[in-house]
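# Need coordinates for the following:
(chains A and B)
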Amino acid sequence: MGVFADTRGYVAEAWQAWNRFWFAPKDPATLCLIRVLAGSMLFYTHLVWSLDLEAFLGQQGWIPVKYLHELVQLSPYDGQKQWSVWSVFFWIDSTWLLWCVHLFALLVFFCLMVGLFSRVAAVLAYLLAVSYAQRISPGAFFGLDKVNCMLAMYLMLGPCGARYSLDSIRRLRRGDTEPVRPRVTANLAIRLIQLHMCVIYLFSGLAKLHGENWRVGTAVWWALANQEYQSIDMTWIANWTTVAPVLIALATHATVFWELFYCCLVWNRFTRPLTLWMAVAVHGGIALFMGMITFGVVMIYGNLAFLKPPTVRRWVDPVAEWFAVRMAGSD
Amino acid sequence: MAKKRQESAPTEEPAAKSVKKKPAKKRANGELPWHPFWRCLVSLLVVLHLVAIFSAPWDLAVTMDGGALPPGYEVRMPQQPVPPPDSPVWQMPVVTTALHKFFHDYLNLLYLNHGYEFFAPDPAGTHVIDYQVTKADGTVVEGRFPSHEEHWPRLLYHRHMMLSEQTMLMGPQSGQQYADHLATVHGGNSRLSLKVHLLLSPKQVIDEMPLDAPSTFRLISEVNGTPRQTSEPQPAPAEGAPQ
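Next up, the predicted model:
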């Protein structure tokens, strides 16, 4: 009898905890900050395509669409034709239409960044970002595209334009001074980003366990010694013959353990700051020394999902108010 | 518990001076705004989505080596060579593959079908492509991608680096496509050399060997390309035999 009562109590408590975790309304400040940052990254990422648009996204170019179809058209499981790999660029034949879609996409990403028609912009931005990414996969894609699309997808789900946006300034100008309310969808979107980041780090860490150099503790050296990646040559560190191997090994082991245990450590309020600062260090290092500035920065943006809304508001509200006062008036 | 309550409670600070008092819309302590039916439905969707995004990298991680060999197989021992991929000796993952297969189209549609194997299993030497295009008038255009001088900003450089890196992923036909593209762009016949840039050990760096010493570039393959036919109607797909 006691066992049944205990089990029922456990299930009820777990259900309550589940509900609090996913369905407690939350201030959308964190989601809105991520919208500004991810929107700016999407805008920049796609602006750079303008420099060689046809070569990467046209029908011909480096990877012609026909060839890409040959690569991805068959499912690896049943050999049947895959219908689920899609992109608007598969259907665009003419140069002028390619540029029209591209300029429209840039406008959408810009709207997402500044928060103009935010929800519509978020949906369009996600669809367009996936279109670009599918067109260059395989070929020219890398982690940046995966994280860009992931953030754009979750931004669609919540009120990403409620704060720090032109939408909020337009509301003020209309005289709508109703404060921003906590929303369940803001919580849902942030929770999904948080859990997705955990999945990314867990499997990135597990994949590293396949590598001898990650296990032995020399992988960071091989990353630093890669001339094509490096933006700052750090190989001079090899001349510190006694200290360098230890530093490199510590950095390698710390990276692997941090990635493997990120999914546990980031939820505890005592270990969360350390885990997030480690993310800044690792991705900052990738941005600074390995030339992958956009990838390093977008991963840090993903980590911001773990900032609590009051923390975000403490830092971002003064800046947002400065803009709001100038654009909507000081009353 | 108290901490969580505080976090999920309305966090309106005196941010905007003109903000009106929030209309009193009291809920019973712990009451959530969504009806239980919607919470159950969304919970189900969330669980399915989480299983989906977990299944893709999980399956790719366990199939990274092509499966598993029974205990006793030491693949590194010369007297026991690795069995061919179609050998029944290989043990394949059942659960991860089934899950990945189930969610495959969902993951493709949302562009979530990834392994997240950043710099794994080991950081390795990068692939670079040297090219030479001989135009009709005999002038020669030479170059390399990726190239710091030619490809700016850094993101564009990185896109070109991925092109050379992912030739290994896509197979030799991709090199043919690059060769044809360069031949079309420059108007001539092209020749591409795919090379791997080997990495130097700390000892080699201490011995002052340059990171880009000629001996660090190892040729993998070469491809010849010709301009693509661009006139309409489009001719038959350029199947161009790999060189």
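
# Skipping its backbone neighbours, what lies nearest residue 105 in space?
In the absence of a named chain, chain A is used. Among residues not flanking A:Ala105 along the chain, A:Leu128 sits closest, at 4.4 Å (C-beta to C-beta, 6 or more residues apart in numbering or on different chains). (Each C-beta comes from the backbone N, C-alpha and C, glycine too.)

# that's the other chain; I wanted chain B
The shortest distance from B:Asp105 to any non-neighbouring residue, by C-beta to C-beta, 6+ apart, is to A:Ser84 (3.9 Å).

# for B:His148, same thing?
The nearest residue in space to B:His148 (C-beta to C-beta, 6+ apart) is B:Tyr157, at 6.4 Å.

# Kindly report the same for A:Ala189.
With sequence-adjacent residues excluded and distances taken as C-beta to C-beta, 6+ apart, A:Ala189 is closest to A:Gly158, at 3.4 Å.

# quick check, that neighbour in a strand?
No. Membership of A:Gly158 in a strand is not supported by DSSP: H, G, I helix; E, B strand; the rest coil, which gives coil.

# Can you give me the neighbour number for it?
The local packing of A:Gly158 (other C-beta atoms under 10 Å in any protein chain shown) involves 28 other residues.

# same deal with the one 4 residues further on?
Neighbouring residues of A:Ala162 were enumerated by other C-beta under 10 Å; the total is 24.

# Next one: the residue nearest to it when sequence neighbours are not counted, what pLDDT does it get?
Excluding the flanking residues, the one nearest A:Ala162 by C-beta to C-beta, 6+ apart is A:Pro28, at 4.4 Å. pLDDT recorded at A:Pro28 is 98.

# show me what contacts A:Pro28?
For A:Pro28, the contacting residues are A:Gly158, A:Pro159, A:Cys160, A:Ala162, A:Arg163, A:Val180, A:Pro182, A:Arg183, A:Ala186, A:Pro309, by C-beta atoms under 8 Å, 6 or more residues apart in numbering or on different chains.

# before we move on, back to that, isn't the residue nearest to A:Ala189 right up against A:Leu188?
Yes. Under the criterion of C-beta atoms under 8 Å, A:Gly158 makes contact with A:Leu188 at 6.6 Å.

# Mind checking if the longest helix along chain B is in reach of chain A?
Secondary structure of chain B per DSSP state H: the longest helix is helix B:36-62. Yes. Part of helix B:36-62 sits near chain A under the criterion C-beta under 8 Å from any C-beta of the partner chain, namely B:Arg39, B:Val42, B:Ser43, B:Val46, B:His49, B:Leu50, B:Ile53, B:Phe54, B:Pro57, B:Trp58, B:Leu60, B:Ala61.

# Narrow those residues to those that are buried.
The neighbour-count criterion (16 or more other C-beta atoms under 10 Å in any protein chain shown) marks B:Arg39, B:Val42, B:Ser43, B:Val46, B:His49, B:Leu50, B:Ile53, B:Phe54, B:Pro57, B:Trp58, B:Leu60, B:Ala61 among these as buried.

# Nearest to chain A among those residues?
Using C-beta to the nearest C-beta, B:Pro57 comes nearest to chain A of these, at 3.6 Å.

# just the strands in chain B please.
Applying DSSP state E to chain B gives strands spanning B:126-135, B:140-145, B:188-197, B:217-225.

# quick one on the thing from earlier: tell me the contacts of the residue nearest to B:Asp105?
Counting by C-beta under 8 Å, 6+ apart, A:Ser84 has contacts B:His104, B:Asp105, B:Tyr106, B:Asn108, B:Leu109.

# Kindly report the same for B:Leu32.
B:Leu32 touches A:Asn19, A:Arg20, A:Phe23, A:Ala24, A:Pro25, A:Val184, B:Arg39, counting by C-beta under 8 Å, 6+ apart.

# circling back: quick one: the residue nearest to A:Ala162 from chain B, how far?
Separation of A:Pro28 from chain B (C-beta to the nearest C-beta, to the nearest Å) stands at 10 Å.

# Over to A:Trp22?
7 Å.

# What residues sit buried inside the strand or helix carrying A:Trp15?
According to DSSP states H and E, A:Trp15 maps onto helix A:2-23. The neighbour-count check on helix A:2-23 (16+ other C-beta under 10 Å) flags A:Asn19, A:Arg20, A:Trp22, A:Phe23 as buried.

# ok, and the closest non-adjacent residue to the first one?
In space, A:Asn19 comes closest to B:Leu32 once its chain neighbours are excluded; the distance is 5.7 Å by C-beta to C-beta, 6+ apart.

# The last one now?
The spatial neighbour of A:Phe23 that comes closest, neighbours along the chain excluded (C-beta to C-beta, 6+ apart), is B:Leu32 at 4.8 Å.

# so what are the domain limits for chain B?
Using automatic domain parsing, the domain parsing of chain B gives B:36-109, B:126-225.

# Lowest mean pLDDT across those, which one is that?
When I compare the domains of chain B, domain B:36-109 is least confident, with a mean of 86.

# Can you give me the end-to-end span of it?
29 Å (C-alpha to C-alpha, to the nearest Å).

# before we move on, back to that, which one of the contacts of B:Leu32 is nearest to B:Thr184?
A:Val184 (53.3 Å; C-beta to C-beta).

# Looking at per-residue confidence, what score does that closest one get?
Note on A:Val184: pLDDT of 97.

# what's around it, how many residues?
19.

# Same check on B:Val95?
For B:Val95, the neighbour count with other C-beta under 10 Å is 11.

# Check A:Phe117 too.
Burial of A:Phe117 is recorded as 16 neighbouring residues (other C-beta under 10 Å).

# How about A:Val243?
By other C-beta under 10 Å, neighbour count at A:Val243 equals 10.

# phi, psi of it?
phi -80, psi -40 (degrees, to the nearest 10).

# who touches A:Leu128 in this structure?
A:Leu128 neighbours (C-beta under 8 Å, 6+ apart): A:His46, A:Val88, A:Phe104, A:Ala105, A:Val108, A:Phe109.

# And it, how far from A:Val48?
15 Å (C-beta to C-beta, to the nearest Å).

# B:Arg225: what's it in contact with?
Heads up, residue B:225 is Gly, not Arg. The neighbours of B:Gly225, taking C-beta under 8 Å, 6+ apart as the test, are B:Gln176, B:Tyr178, B:Ala179, B:Asp180, B:His181, B:Leu182, B:Ala183, B:Asn189, B:Ser190, B:Arg191, B:Leu192, B:Gly240.

# Once you drop chain neighbours, what's closest to it?
Nearest to B:Gly225 is B:Ala179, by C-beta to C-beta, 6+ apart, at 2.6 Å.

# Burial check on that neighbour, number of neighbours?
For B:Ala179, the neighbour count with other C-beta under 10 Å is 24.
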